[in-house]
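Undergrad: Quick one: sequence plus predicted model below, questions after.
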Amino acid sequence: MALVYLTRVERFNAAHKLWVNDWSEEKNFEEFGKCANKNWHGHNYTLHVTVKGTPDPLRGFVIDAKKLSTIIKQQVTDKLDHSNLNLDVDFIPKTLQATTENLAILIWGELKDHLSGCELHCIKLIETENIYAEYYGE
Ligand code: NI
C-alpha cells in the first residue's frame with residue numbers, strides 16, 4: 001500500500017499584534033518590533049495543509065482536493081480571512097499570542113477531526129516570504 005502525501009494550498013489575509021500586557025510599551029517594542037504596533041498590521045498568509053494516505057483504487061485520490069479545500073475554508077480560512085486574529089476568531093484564545101507558530105497548532109486542531117480516508121500530516125503556515133511554521137501534531 002503506497003503512502004502518498006497530498007498538499008492543498010489556501011490563502012487568507014488577517015491583522016494581528018504581538019503584545020504582552022504585563023510588559024511596558026518599551027519592552028514590547030524591544031521584543032516584538034513593529035509587530036507590537038498598537039493599531040495592528042496585516043499579513044497575507046499562505047496555508048499548506050498536507051494529508052497522508054493511500055490513493056483509492058477507483059479515483060486515485062488520497063482525498064478529493066476540492067473537498068479538502070472546502071473543509072479548510074469552512075473550518076479555518078473563512079474564519080480567519082479579513083479578521084483581526086487577536087479579537088475576532090472563535091478558535092484563537094484571547095490570551096494567546098497570534099504568532100505563526102500558535103496559529104499552525106490551532107489550525108491543526110480545527111482540521112484533524114474533519115478528514116476522512118486520510119490523516120492530517122502537516123500544517124505549514126507562511127506569514128511572510130521569510131517566515132513560516134510547520135506543525136506535525138506532536
Ligand atoms: Ni505580524
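TA: Perfect, thanks for sending it.
Undergrad: Outside of the helix ranked longest in the chain itself, list whatever touches it.
TA: Secondary structure of the chain per DSSP state H: the longest helix is helix 100-111. The contact list for helix 100-111 (CB atoms under 8 Å, 6 or more residues apart in numbering) reads 45, 47, 49, 71-72, 75-76, 85, 91-92, 96, 120, 123-127, 131-135, 137. (Each C-beta comes from the backbone N, C-alpha and C, glycine too.)
Undergrad: following that helix, which helix or strand comes up?
TA: Next along the chain after helix 100-111, taking DSSP states H and E as the criterion, comes strand 119-128.
Undergrad: Rounded mean pLDDT for the longest helix of the chain, please.
TA: Regarding helix 100-111, the rounded mean pLDDT is 98.
Undergrad: Buried residues, that helix. List them.
TA: 100, 102-104, 106-108, 110-111 (16 or more other CB atoms under 10 Å).
Undergrad: Over to stretch 56-76?
TA: 61-63, 68, 71-72, 75-76.
Undergrad: since we're on residue 94, how many residues are nearby?
TA: 8 (other CB atoms under 10 Å).
Undergrad: That one: what secondary structure?
TA: Three-state call for residue 94 (DSSP: H, G, I helix; E, B strand; the rest coil): coil.
Undergrad: and it, how far is that from residue 44?
TA: 24 Å (CB to CB, to the nearest Å).
Undergrad: Likewise for residue 78?
TA: Distance, residue 78 to residue 44, by CB to CB: 16 Å.
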